[in-house]
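S.K.: just to be clear, the model below is a prediction. Sequence and coordinates:
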Amino acid sequence: MENSQKKIQLRLMTFFWINILSVVFIFLALLYSKGPNIGESAGTNVTFERYAIVFTMIGIPLALKFFHSQHEKIRLLSLEQYLGKYMLIYSIRMAILDAVIVLNMIGLYLFESQNCIYMTVITIFALMFCYPNKNSLLIKESEQEPLIETEENKNNE
């Protein structure tokens, strides 16, 4: 693995673990601040809960599918372009999942919704699918196809 790929891998790992630990810490602090009787108040907002569930169920597969489809598109780029775009699509995937978590934490804070607790936990588990893979940073020469057709390529066909 090249030096630039190692640096990107280290950045992604750092970003991943900081993101996971901060989300879990904030979630646990929020649960602690609400106390043991969370969700027993009659002030819950059913409409917000429904939208939070819908956004969670749309956001998780959207983030994972977006990353996969974009990753397939950038596989044939040069190494420098690939690594730059990989960082971008990885960050977007994490941002989508973080937005879903923040939405559910807002519902937990404002309405003490138990459904928002469940949706936050589910989304935190979905973040585990975002663990940066070292093999995805490697571009194999056999997978790369030339982007520009040259005389040599025309003769080989």
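M.R.: Arrived safely. Numbers count the residues shown, from 1 in each chain.
S.K.: what residue is smack in the middle of this structure?
M.R.: Centroid check for the chain by Cα atoms, centre = their mean gives Met94 as the closest residue, at 2.8 Å.
S.K.: list the contacts of that one.
M.R.: With contact set as Cβ atoms under 8 Å, 6 or more residues apart in numbering, Met94 has these partners: 15-16, 19, 63, 127, 130. (C-beta placed from N, C-alpha, C; glycine too.)
S.K.: take those and write them to a markdown table, including distance to Ile74 and secondary structure.
M.R.: Converted to a markdown table, the contacts of Met94 look like this (distance: Cβ to Cβ, whole Å; DSSP: H, G, I helix; E, B strand; the rest coil):
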| residue | distance to Ile74 | secondary structure |
| --- | --- | --- |
| Phe15 | 18 | helix |
| Phe16 | 19 | helix |
| Asn19 | 22 | helix |
| Ala63 | 17 | helix |
| Leu127 | 22 | helix |
| Cys130 | 17 | helix |
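S.K.: just give me the closest of those to Asn3.
M.R.: For the contacts of Met94, the closest approach to Asn3 (Cβ to Cβ) belongs to Phe15, at 18.6 Å.
S.K.: ok, now which ones touch that closest one?
M.R.: Phe15 neighbours (Cβ under 8 Å, 6+ apart): 90-91, 94.
S.K.: per-residue pLDDT, it?
M.R.: Looking at Phe15, its pLDDT reads 96.
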